[in-house]
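J.: Quick one, structure for this:
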Amino acid sequence: MAFLEVTNLCKSYGQAEILKQINISVDRGEILGLVGPTGSGKTTLLRLINLLEEPSSGSILLEGQRKSGRPEREKIAARRRMAMVFQKPVMFKSNVLENICFGLRARQLGQPEQRKEKAMQALQSVGLPGYESRDANTLSGGEMQRIALARAIILQPELLLLDEPTANLDPRSASAIDSILLGLAGGRTAMILATHNMMQCRRLADRVAVLVGGRITALGKSEDILGRAERSGISSPAIAGLEIPW
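T.: The predicted structure is shown next:
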């Protein structure tokens, strides 16, 4: 049984159909790459999986149990098994340490000194040691992105949802984040990585889903999907004419 299953998922806003019959699954320790052009629905899909919005139809299941359409207390419990890193992270009006510890405090996990120790380890892992006293709102965009990742991984989520996590980073920092994500996958964390970076997707993802116009147009092993696009001389598989049956 897959850790996450999304079945026949649809989402509309008024008359606009954003997602149409989405079917994907992710196992523990697996990274699923989600690629597609801007406006294809990647962020909306991540928000639905994170139970921040309700689908118009279809189901979201964790370990075989439906979580969409359930009472709010059940959705909160399910959401605490996940963490999401947004493309444009928002920092709280406090220092870096307090930002990273926010989730632990909200979930009443650990004592203050334990939270601080975990936060320092998270800062080290994202390459920002010594930043704990910095005002979070004075950081650069790339630094904020790394703090947002630290804020997510400190929770040790079972499912990590990533929306362009390295879009604002220099190549060296992006490579460091890639290593962190691979380590998390080795620790049995399930991940969905939404990205425009085909090389990153090929390095990290076990499988790739191509989302175009609100539909999954291709799904398969990353080397098959991205390799076929490259052999065709196409930079993005979203226009490679790929059709892989479910």
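J.: where along the protein do the helices fall?
T.: With DSSP state H applied, the chain shows helices at 42-49, 72-79, 96-106, 112-125, 141-153, 171-186, 198-204, 222-231, listed in chain order.
J.: Show me which positions of the second one end up buried.
T.: Buried residues in helix 72-79, counting neighbours by 16 or more other CB atoms under 10 Å, are found at 75, 78-79. No exception for glycine: its C-beta is placed from N, CA and C like everyone else's.
J.: And the third one, by the same measure?
T.: Of the residues in helix 96-106, those scored as buried under the neighbour-count criterion (16+ other CB under 10 Å) are 96-104.
J.: One more: the shortest one?
T.: Taking 16+ other CB under 10 Å as the basis for neighbour counts, the residues of helix 198-204 that come out buried are 198, 200-202, 204.
J.: of these, closest to L226?
T.: Nearest to L226 out of the buried residues of helix 198-204 is R202 (CB to CB; 4.8 Å).
J.: That closest one: what's it in contact with?
T.: Residues near R202 by CB atoms under 8 Å, 6 or more residues apart in numbering: 222-223, 226-227.
J.: contacting residues around R134?
T.: So R134 contacts 95-96 (CB under 8 Å, 6+ apart).
J.: For E98, see how far away it is.
T.: 11 Å (CB to CB, to the nearest Å).
J.: Repeat that for P37.
T.: P37 is 37 Å from E98, by CB to CB.
J.: now G36
T.: 36 Å.
J.: Could you do L46 as well?
T.: 26 Å.
J.: what do you get for M144?
T.: M144 is 14 Å from E98, by CB to CB.
J.: Ok, A194 next?
T.: For A194, the distance to E98 - CB to CB - is 28 Å.
J.: And P165, by the same measure?
T.: 22 Å.
J.: in stretch 209-218, what counts as buried?
T.: Under the neighbour-count criterion of 16+ other CB under 10 Å, stretch 209-218 has 209-212, 214, 216-218 buried.
J.: again, but for stretch 160-180
T.: Of the residues in stretch 160-180, those buried (16+ other CB under 10 Å) are 160-169, 173-174, 176-178, 180.
J.: next one: stretch 43-61
T.: Those would be 43-51, 55, 58, 60-61, for stretch 43-61 by 16+ other CB under 10 Å.
J.: Can I get it as CSV, trimmed to CA atoms?
T.: What follows is stretch 43-61, C-alpha atoms only, in CSV (Å, rounded to 0.1, in the frame of the first residue of the first chain):
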residue,chain,number,x,y,z
THR,A,43,0.8,24.4,-6.4
THR,A,44,-2.9,23.7,-6.2
LEU,A,45,-2.3,20.0,-6.1
LEU,A,46,0.2,20.4,-3.3
ARG,A,47,-2.2,22.5,-1.3
LEU,A,48,-5.0,19.9,-1.7
ILE,A,49,-2.7,17.1,-0.6
ASN,A,50,-1.7,19.2,2.4
LEU,A,51,-5.4,19.5,3.2
LEU,A,52,-5.3,23.3,3.0
GLU,A,53,-8.2,23.1,0.5
GLU,A,54,-10.9,20.6,-0.3
PRO,A,55,-11.1,19.0,-3.7
SER,A,56,-14.2,19.4,-5.8
SER,A,57,-14.3,15.6,-6.1
GLY,A,58,-12.0,12.6,-5.6
SER,A,59,-10.0,11.4,-2.6
ILE,A,60,-6.8,11.9,-0.7
LEU,A,61,-5.7,8.9,1.3
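J.: Go ahead and name everything in contact with that stretch.
T.: Residues contacting stretch 43-61 (CB under 8 Å, 6+ apart): 4-12, 18-19, 21-22, 34, 66-69, 75, 78-79, 82, 84, 87, 159, 161, 163, 192, 194, 211.
J.: Need the buried ones from the residues you listed selected in ChimeraX.
T.: The following ChimeraX line selects those of these that are buried, judged by 16+ other CB under 10 Å:
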select :4,5,6,9,10,11,18,19,22,34,67,68,75,78,79,82,84,87,159,161,163,192,194,211
